[in-house]
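A.B. asks: could you look at this predicted model? Sequence included:
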Amino acid sequence: MNADAPIDVAVVGMSYWGPNLARNFDRLEGARLRWACDLDAGLLDRHRSAFPLTTFTTSFDEVLADPETDAVAIATPVPTHARLALAAIAAGKHVFVEKPLALSTSDARAVAEAAEAAGVTCMVDHLLVLHPAVTKVKELVDSGHLGDVHYLYGNRLNLGIVRKDENALWSLGPHDISVMLHIVGEPAVEVSATGASYLQEGVEDVVFGRILFRSGTIGHLHLSWLDPHKMRRMTVIGSDRMVVFDDMESERKVTVYDKGHVPRTGDYGEYIQVRSGDIFSPKIDSAEPLKLVCQHFLDCIRSGEAPIADGWAGLATVEVLQAMDTSLANSGRPVTLEGASA
């Protein structure tokens, strides 16, 4: 690939998220939106005016047969992710896949292995992993500013959108699971999940999940589309400080609390004391996370470096999702992970 030439990208799936990907790849310097592909010709017609220099097609094979297409961004329904990604990789294209990477660990592993064998870039749209606020939280954790991370928990709640073909775990869980894996930086070794189906039989509207990491750090998820609050929050509890990422806040995205317990120093510590210090909010870049994600994908294609959310990171998230799904079906029985992502 000529280092100065633009990267030609095809976006496959123009229903919900695809137009957002198309907008970013169309506008980013160093990229060119070459194709927009969807099986629904009427849907394509609605987007033609927004991308006058792009070729529209209902044929995925036509996209893959084009030697000028460098990369394929897949934003189709989840059950098709792995099949389309594998076809794109077989055609020698770099691939960008919406989350989750696949519906099963075996399919996700097949995509990660195929991309590695083919020497192409594979990235999963774990959008929040590249969110500037999450980058700041990760920086605070890795620098030791919070001390030892005891546990973290995520709340992803709203009233709707109610899905018919996937439960709250598969619909909402990939966001927080990918962020927890990224922040903790360790494999999950055991998970469990409980939930309930109030609106549709067999489709859980609310899910409570637990992740045990190798070091003993615990992650907890509260996922629901049956809640009066719209909440997108992640809290990390460290031995020295605590931090909250609240994506519903327009300015104070990250808040650091200098709070914690006071270690016992002698034999008089019958009671554990706590301290409450300063509270501050670091400045967070307001860049659109999806733009950062798309730019990161292009940068990795050019450099040959692995994306932060590569196929293996996608596999790790699917591994947790699938194990939680198994736990859900067995009344919350813990499921031990076999290190499929190692």
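C.D. replies: Yep, that arrived.
A.B. asks: state the mean pLDDT of the one helix or strand Leu44 maps to.
C.D. replies: Leu44 belongs to helix 41-47 when elements are defined using DSSP states H and E. Helix 41-47 carries an average pLDDT of 96.
A.B. asks: residues making contact with it?
C.D. replies: The contact list for helix 41-47 (CB atoms under 8 Å, 6 or more residues apart in numbering) reads 14-15, 19, 22, 36, 38, 56-58. (Each C-beta comes from the backbone N, C-alpha and C, glycine too.)
A.B. asks: go again using 10 Å as the cut-off
C.D. replies: For helix 41-47, the surrounding residues in contact (CB atoms under 10 Å, 6 or more residues apart in numbering) are 11, 13-15, 18-19, 22-23, 36-38, 40, 54, 56-58.
A.B. asks: in these, find the pair that's most separated.
C.D. replies: Farthest-apart pair in those is Arg23 and Thr58; separation 20.5 Å (CB to CB).
A.B. asks: now the strands for the stretch 51-200 of the chain?
C.D. replies: Per DSSP state E, counting those that start in this stretch, the stretch 51-200 of the chain carries strands over the ranges 55-57, 71-74, 94-97, 122-124, 149-159, 188-196.
A.B. asks: looking at the chain, which strand is longest?
C.D. replies: Longest among the strand segments of the chain by residue count, using DSSP state E, is strand 226-238.
A.B. asks: give the partner strands of that strand in its sheet and their orientations.
C.D. replies: With DSSP bridges as the test, strand 226-238 is paired with strand 149-159 (antiparallel), strand 242-246 (antiparallel).
A.B. asks: okay if I get those as TSV plus distance to Val274?
C.D. replies: TSV is the format used below for these (distance: least, CB to CB, whole Å):
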stretch	distance to Val274
strand 149-159	14
strand 242-246	11
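A.B. asks: looking at those strands, which one is packed in the most?
C.D. replies: Comparing those by mean neighbour count (mean count of other CB atoms under 10 Å), strand 242-246 ranks first with a mean of 21.
A.B. asks: what's next to it, contact-wise?
C.D. replies: With contact meaning CB under 10 Å, 6+ apart, strand 242-246 is reached by 128, 131, 133-134, 136-137, 140-141, 145-147, 149-150, 152, 154-155, 179, 183, 231-237, 252-260, 279, 281-282, 284.
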